[in-house]
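[1] need a 3D model of the sequence below.
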Amino acid sequence: MPNLTIALDAMGGDFGPHVTIPAAINILKKYKHLSIYLVGNEAEITSLLQNTSTSIKSRCTIIPSLDDIPMDLAPALALRNFKQSSMRMALNLVRDDKAQACVSAGNTGALMVLSRHLLKVLPFVDRPALVSTLPSVTKEPVYMLDLGVNVSCDADALLQFALMGSALAEHVGNIPSPRIALLNVGQEDIKGNDLVKHAAQLLSEHQNLNYIGFIEGNDIFSGKVDVIVCDGFTGNVALKTSEGVVDLVISQLTSVSNSNIFTKLLSLLVKPLIMNSLRRLKPDQYNGATLLGLPGIVIKSHGNAEQVAFEFAIEQAVKEVESGLVDKISASLDVID
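    Down below sits the predicted model:
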């Protein structure tokens, strides 16, 4: 298997190196052909690698950085002022062909702006899209994009999202002829605004897409489709709403189970099963969103991801590089008229 190199923004996220470094070590144990650039505070990274085996350390290269981009910083300021940040230096490694992917749990807006500025975009791509996998009742993943990067876009952009999402589902998710749907307020052709109606026409006419029509919000997790396409405003609201509903149910279940002695006894038996099922449906457990449309792999982890979740994000980068995703997306976009 050919060697693979990933650049890791070790300082990004709520927990920084205390999560990113142990996660990197575990992934290096799993993928013997993988090497990782660890970009961040040299002293902190070195300390966390101290008890690691020589074989693992030999596949780690520390790149010292001077700055960390605050999670609430405006993207324009990140672009203009933080040129020695761990995020920017990790992306530089992808730009300079020293790494094939970048993984960061840092500021989403900054990652988007820096990625587009440093890496540019693929031919025929107007703007990158953020895509992630969601759970479904069929236990098969559902890809949804855009999830917040493009709060408004036109029908041509939605066509690009559909093509990129289809390539991701087929070549990384191993789903032949992925079923594509547009998120809408109804399933009938007459429903929706002019944007989704125009996009539906473009998607239905495209011979390389298995477009099956509209899907409503209550069917996002039904497993009826493989790729759900929408603008970033709609996608982000839908995602955050679903996360909030799961949190509400977990909170209510906890409250009810503690209401009296009988419910407490009953909860000892059934609560663990219900809670585990709910957590499997919680979208933020599917960590590792991809910025599609770039000439390199960029993965955005949840900022509050703990070690296991961050490992999933690194693994997502490995899978996408090994699948040749960028080339597959380029080929799918070449057929745009």
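
[2] stretch 191-199 - what's its average pLDDT?
    For stretch 191-199, mean pLDDT is 93.

[3] spell out the secondary structure type for residue 73.
    Under DSSP: H, G, I helix; E, B strand; the rest coil, the three-state class of residue 73 is coil.

[4] which residues does the residue lying closest to it once chain neighbours are set aside contact?
    Nearest residue to residue 73, sequence neighbours excluded (CB to CB, 6 or more residues apart in numbering): residue 107, at 5.9 Å. In this view, the C-beta of every residue, glycine as well, is placed from N, C-alpha and C. Contacts for residue 107 (CB atoms under 8 Å, 6 or more residues apart in numbering) come out as 12, 69-73, 75, 78, 87.

[5] so for residue 107, what's the pLDDT?
    94.

[6] just to revisit the earlier point, just the buried members of the contacts of residue 107?
    12, 69, 73, 75, 78, 87 (16 or more other CB atoms under 10 Å).

[7] any buried residues in the lengthiest helix in the chain, and which?
    Ordering each helix of the chain by length in residues (DSSP state H) puts helix 232-257 first. Neighbour-count burial for helix 232-257, with 16+ other CB under 10 Å as criterion, is recorded at 232, 234-236, 238-239, 242, 246, 253, 257.

[8] not counting sequence-adjacent ones, nearest residue to residue 304?
    Using CB to CB, 6+ apart, the closest residue to residue 304 is residue 14 (4.9 Å).

[9] so what's the residue count around the one you found?
    Using other CB atoms under 10 Å, residue 14 has 13 neighbouring residues.

[10] contact partners for it?
    Here residue 14 is in contact with 71, 105, 303-304 (CB under 8 Å, 6+ apart).

[11] what do you get for residue 15?
    Going by CB under 8 Å, 6+ apart, residue 15 touches 304, 306.

[12] right, and the secondary structure at it would be what?
    Per three-state DSSP, the local secondary structure of residue 15 is coil.

[13] which pLDDT does the model give it?
    For residue 15, the pLDDT comes out at 94.

[14] just checking, residue 112 touches residue 150?
    No - judged on CB atoms under 8 Å, residue 112 makes no contact with residue 150 at a distance of 9.3 Å.

[15] any weak-confidence spans in the stretch 1-150 of the chain?
    Within the stretch 1-150 of the chain, the segments meeting pLDDT under 70 span 1.

[16] just the helices in the stretch 201-337 of the chain please.
    Under the criterion DSSP state H, counting those that start in this stretch, helices of the stretch 201-337 of the chain are mapped to 232-257, 261-281, 307-322, 325-333.
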